[in-house]
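[1] just a sequence and a predicted model for now, questions to come.
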Amino acid sequence: DAMVIQNPRYQVTQFGKPVTLSCSQTLNHNVMYWYQQKSSQAPKLLFHYYDKDFNNEADTPDNFQSRRPNTSFCFLDIRSPGLGDAAMYLCATSQIAGETQYFGPGTRLLVL
Amino acid sequence: SQQGEEDPQALSIQEGENATMNCSYKTSINNLQWYRQNSGRGLVHLILIRSNEREKHSGRLRVTLDTSKKSSSLLITASRAADTASYFCATESNFGNEKLTFGTGTRLTIIP
């Protein structure tokens, strides 16, 4: 089945230790998104790729970076995680930007 | 913030009853979407309604859109325990910015 896969599902890291979250898709969609979701809140868009074009949200901290080496994969790098970065990180894809998004199961990040 | 507001924040009903959730937004839109999120999981797309549509159905779901009031409602008929989840509306503005803005969500609990 075509899907969006996120690894790992749970990630524990230490304060200040770089961490990378990964997302892959078999849908062959052009657009990939990274969201941060804190408890009982709405998903907050961090950035998105339209094909290879990177679009950063104005309020996304510089601590967050992303890479999309090919259509199928996208990575979220947190260079120096702080306690406030503990959250669920959601990857999503869409064939047409602004239309239906398909989400992965998320990676829950814990920062110690 | 252009984030939408959902009402109520939480709703508990008996199994078999109908559940209605409301969403208000601030900007002119191309489309409005509803998503479901089970606890600790990714979001699942439910339905998309375009700005020139007033009502849409999908199974037990009915969505209405009133662009003059900048509001939408999601009705779930004959609720089931499996409908227990958080429900988010999301809008694509007509500024052509290729992304969705999510509302604050409604936490729905179906009591068996």
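    Everything's here; your move.
[2] can you tell me the helix or strand for the residue positioned nearest the centre of chain A?
    By CA atoms, centre = their mean, chain A has its centre lying nearest to A:Trp34, at 3.2 Å. Counting by DSSP states H and E, the element that carries A:Trp34 is strand A:31-37.
[3] for the nearest residue to B:Glu98 once chain neighbours are set aside, give me its contacts.
    Distances taken as CB to CB, 6 or more residues apart in numbering or on different chains place A:Ala97 nearest to B:Glu98, at 3.4 Å, with adjacent residues excluded. C-beta coordinates here come from the backbone N, C-alpha and C atoms, glycine included. By CB atoms under 8 Å, 6 or more residues apart in numbering or on different chains, the contact list for A:Ala97 reads A:Asn30, A:Val31, A:His48, A:Tyr50, B:Glu98, B:Lys99.
[4] correct me, but B:Ile76 touches B:Asp83?
    Yes - B:Ile76 is within contact range of B:Asp83, at 5.8 Å (criterion: CB atoms under 8 Å).
[5] shared neighbours of the two, anything?
    Both B:Ile76 and B:Asp83 are in contact with B:Ala19, B:Leu108, where contact means CB under 8 Å, 6+ apart.
[6] what segments of chain B are strands?
    Assigned by DSSP state E, the strands in chain B fall at B:5-7, B:10-14, B:19-24, B:29-37, B:43-50, B:55-58, B:61-66, B:71-76, B:85-93, B:101-102, B:106-111.
[7] any chance of these in CSV, with mean neighbour count too?
    Below are the strands of chain B laid out as CSV (neighbours: other CB atoms under 10 Å in any protein chain shown):
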stretch, mean neighbour count
strand B:5-7, 18
strand B:10-14, 13
strand B:19-24, 20
strand B:29-37, 22
strand B:43-50, 18
strand B:55-58, 12
strand B:61-66, 17
strand B:71-76, 20
strand B:85-93, 24
strand B:101-102, 22
strand B:106-111, 18
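[8] since that was my last question, I'll sign off now.
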